[in-house]
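A.B. asks: make a model of this:
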Amino acid sequence: MKKMHIILLGAVAVVIAGLMTWIKDLSTYDSIASARRKEGRFVHLIAKLDKAEAVVYDPVKDPNYLSFYALDSLGGKTKVVYLNAKPTDFEMSDRIVMKGKMKGEVFECKEIVLKCPSKYTEDPNVQMEKYRKSAPAGDMKTGSTPARS
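C.D. replies: Numbering: from 1, shown residues only. Sure thing, here's the model as predicted:
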């Protein structure tokens, strides 16, 4: 083999090793049970706020401490501690994506992304009824739009 072939094979091996290391760091959503099995490893959880439990946040006492309980779709439940300010509309979010690590029975969250309910997922019949109630009187009968002045 020529020296150039050996160098190219070495470069390909380094690139493959680098890609394998990079792919290992990629994460999918875990359940709370699988996050407990991966204790200490960085994971992504997707869950809902457990509204039966109290949300602990006192911005006067400590604006960078939020704790709450989260429920995943498989019925798992865990306490979550987030050392940052409470996100706006936190209690109204549909789902919560949390990035962090399990430490014992507590999920230590580093980042929270709120997934709000979409206005497009509502039943079309309910949307039509809302439109009928808010539309000017002649719109729904004729299908025309009101004249603009």
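
A.B. asks: may I see the buried residues of stretch 30-39?
C.D. replies: Of all the residues in stretch 30-39, those buried under the rule 16 or more other CB atoms under 10 Å are 30, 31, 32, 34, 35, 36. (Glycine included, C-beta is placed from N, CA and C.)

A.B. asks: possible to save those residues as CSV with secondary structure?
C.D. replies: Below are these laid out as CSV (DSSP: H, G, I helix; E, B strand; the rest coil):
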residue, secondary structure
30, strand
31, coil
32, helix
34, helix
35, helix
36, helix
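
A.B. asks: now the lengthiest helix in the chain, how far from the centre of its chain.
C.D. replies: Longest among the helix segments of the chain by residue count, using DSSP state H, is helix 3-25. Its chain's C-alpha centre lies 34 Å from the corresponding centre of helix 3-25 when counted by CA atoms, centre = their mean, to the nearest Å.

A.B. asks: now do that helix, average pLDDT.
C.D. replies: On average, the pLDDT along helix 3-25 is 81.

A.B. asks: same thing with stretch 59-69?
C.D. replies: Rounded mean pLDDT across stretch 59-69 is 94.

A.B. asks: show me the beta-bridge partners of the most centrally placed residue in the chain.
C.D. replies: In the chain, the centroid-proximal residue (CA atoms, centre = their mean) is residue 97; its distance is 2.2 Å. For residue 97, the beta-bridge assignment (DSSP bridges) gives partners residue 46, residue 113.

A.B. asks: contacting residues for it?
C.D. replies: 29, 44, 45, 46, 112, 113, 114, 115 (CB atoms under 8 Å, 6 or more residues apart in numbering).

A.B. asks: in ChimeraX, how would I select just the buried ones from those residues?
C.D. replies: Buried subset of the contacts of residue 97, written as a ChimeraX selection, criterion 16+ other CB under 10 Å:
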select :45,46,112
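
A.B. asks: farthest pair within the contacts of residue 97?
C.D. replies: Comparing every pair within these by CB to CB identifies 29 and 114 as the most remote, at 15.1 Å.
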